[in-house]
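**Q** sequence and predicted structure, then a few things I'm wondering about:
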Amino acid sequence: MKLMQPNWIDILSLLLLAGGGFLVFCIGGFWKKRPEEILFGLALAAAIASAATTLLISPEQPHFLKMLETGGYGRFFTFLLSLITTLSLLFSYRYAKIRNFGGDEFYGLLLLAGLGMILVATALHWLVFFLGLETLSLSLYVLISIRKTQPASNEAGIKYFIMGAVASAFLTFGIAMVYAATGKMDILQSLSVNVQMVSSPAMLLGLSLILTGIGFKVSMVPLHLWTPDVYQGAPAPVTAFLAAGSKVALFAALLRFAYYYSGNASWGYYVFVFWTLALLTMVVGNITALAQSQVKRLLAYSSIAQMGYLFMALLAVRQGGVFAIMFYLAVYALMDLGAFGTLATLSEEGEDLDALEDFRGLAYRYPWRSALLTVCLVSLAGLPPTAGFMGKFILFRAVLQANFVVLGLIGIVTVIVSIYFYFKIIVVLFMQPMERRSPTLDLDFPARVAGIVVLILILWLGLLPSFLLSVITRIISSISLSYVTLL
């Protein structure tokens, strides 16, 4: 039997991120001057090249050695996660430079975290999924606590490390139970309808443990308590990267798991689980955000609520939920990147701008950045003409068409509630006099480019979403073919 030779060009985007991170570490380690501009340029070039090759190179096979998804679904999330890494680098440049941590550790780990996210989102083998998750987690542990002189950053890093270790333990034991029940390490085969014992207690326990581990990472209620503390303590660009990238990657994996498993008779057990988790996550996230007076904590609870909407759509995974979740994940990443990235550009050399009172009248000093933050907040609230409105419309349509009417109506109510705390920030920005006197902060060119890209994409996907919707439609139509090929 002739073995199929791997075509390494199919995973060139991953090789570029890995090679870029390695090169950044080598230059930082062997060049005493450690020029930040060169390190930043190399990291940015690697991230942009990764995104470009994803668009330009069409893989010959829908998978790489049955270990990584290289078809339309995998390419979609590879490009999205490469874009998130690129925008995070742009938002980080000036912020990291003036705080003296913009060296090889920061830029190299950011690239490796991006690599880990792509491995998680495209993994077709449980071992690759776990290795990708550990690559992502280990990089984030350092990135969150990279400001060694800030106690809040160190505390956030310790909290995320402890919770991440617990989540990894759940995942490892869950994967072991799935393997024990099925004898398969291939994700598709272990979750598909062709596997016997798929409804055995060992299998159900294993999947429940995997869901628990993923739930930690995506801030699912009641596993969300680390989120506000970590978001508040981490540097603002790292918070943007964590909020957008890691959650998109984990939910992309969870969406594929749910799609594979939803054809089994035991899927009904998880319908009630997802229904309950979606309800709790939406309600707790939005209600708790109402009481927040710190903007980063408010956005943290907002992020939790957004995960609730995505869990809600998982119930309709066979009735349009894949389409809705893929679109909303792209929109969510842009909204959170824009919001936290703007906070980074408004923050002075000390701690990040966070208290709500500190935002009084900033729109008159920083009109462009305030406008971008406002667009992101309006989009998070789900109001037209932004992409957030279109994303929520598609999500709720899928849920209602799948006959989860009660959950959909509760979700709509929580969206209405969320408008209050988003507009609380906007009112402070534009409608209250400035009390905080400080030197004017210039907007550097990389952050300006990132802001323009985020603003254009949020408005474009809100007004003219047809291009992205058609791309997602073509991807979904090819999923069944890829499914048969891999089996």
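**A** Arrived safely. Small disclaimer: the values here were computed from a predicted structure and weren't measured.

**Q** give the buried residues for stretch 88-98.
**A** Ser88, Leu89, Leu90, Phe91, Ser92, Tyr93, Arg94, Tyr95, Ala96 (16 or more other CB atoms under 10 Å). Any C-beta I mention is one placed from the backbone N, CA and C, and that applies to glycine too.

**Q** cool, and stretch 215-231?
**A** Of the residues in stretch 215-231, those buried by neighbour count under the rule 16+ other CB under 10 Å are 215-221, 223-224, 226-231.

**Q** can I get the buried residues of stretch 88-98 in a markdown table including pLDDT and secondary structure?
**A** A markdown table is the format used below for these (pLDDT from 0 to 100; DSSP: H, G, I helix; E, B strand; the rest coil):
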| residue | pLDDT | secondary structure |
| --- | --- | --- |
| Ser88 | 94 | helix |
| Leu89 | 94 | helix |
| Leu90 | 94 | helix |
| Phe91 | 93 | helix |
| Ser92 | 91 | helix |
| Tyr93 | 90 | helix |
| Arg94 | 90 | helix |
| Tyr95 | 88 | helix |
| Ala96 | 87 | helix |
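
**Q** which of the residues you listed sits closest to Ala46?
**A** Leu89 (9.4 Å; CB to CB).

**Q** quick check: that closest one touching Tyr107?
**A** Yes: under the criterion of CB atoms under 8 Å, Leu89 makes contact with Tyr107 at 7.1 Å.

**Q** give me the common contacts of the two.
**A** Phe40, Ala43 (CB atoms under 8 Å, 6 or more residues apart in numbering).

**Q** what mean pLDDT would you report for whichever helix or strand Ile416 is part of?
**A** Per DSSP states H and E, Ile416 falls inside helix 405-431. Throughout helix 405-431, pLDDT has a mean value of 91.

**Q** and stretch 169-179, by the same measure?
**A** Mean pLDDT, stretch 169-179: 91.

**Q** closest to Leu455 among the buried residues of stretch 215-231?
**A** Nearest to Leu455 among those, counting by CB to CB, is Tyr231 at 22.4 Å.

**Q** next, the contact list for Tyr309, please.
**A** Applying CB under 8 Å, 6+ apart, we find Tyr309 in contact with Ala278, Met282, Tyr328, Lys392, Leu395, Gly411.

**Q** strands along the protein, start to end?
**A** For the chain, the strands defined by DSSP state E cover 63-64, 68-69.

**Q** which of the buried residues of stretch 88-98 sit farthest apart?
**A** Pairwise distances across these (CB to CB) peak at 13.2 Å, for the pair Ser88 and Arg94.

**Q** could you single out the nearest of the buried residues of stretch 215-231 to Arg474?
**A** Val218 (26.8 Å).

**Q** look up how far Leu133 lies from that closest one.
**A** Using CB to CB, to the nearest Å, we find Val218 at a distance of 12 Å from Leu133.

**Q** try Leu42
**A** Here the criterion is CB to CB. By it, Leu42 lies 26 Å from Leu133.

**Q** the more surrounded of these two?
**A** Between Leu42 and Leu133, counting by other CB atoms under 10 Å, Leu133 is the more crowded of the two (27 against 19).

**Q** how about Arg256, what does it touch?
**A** So Arg256 contacts Glu69, Tyr73, Ile187 (CB under 8 Å, 6+ apart).

**Q** ignoring the adjacent residues along the chain, who's closest to Ala333?
**A** Ala244 (4.2 Å; CB to CB, 6 or more residues apart in numbering).

**Q** give me the number of residues near that neighbour?
**A** 30.

**Q** so it sits against Leu83, correct?
**A** No: using CB under 8 Å as the test, Ala244 is too far from Leu83 to be in contact (9.7 Å).

**Q** give me the common contacts of the two.
**A** By the contact definition CB under 8 Å, 6+ apart, Ala244 and Leu83 are jointly contacted by Ala333.

**Q** what segments of the stretch 301-450 of the chain are helices?
**A** For the stretch 301-450 of the chain, applying DSSP state H, counting those that start in this stretch gives helices covering 322-346, 362-365, 367-381, 387-401, 405-431, 445-463.

**Q** now the residue nearest to Val417 when sequence neighbours are not counted: how far from Thr414?
**A** Nearest residue to Val417, sequence neighbours excluded (CB to CB, 6+ apart): Asn286, at 5.1 Å. Asn286 sits 4 Å away from Thr414, going by CB to CB.
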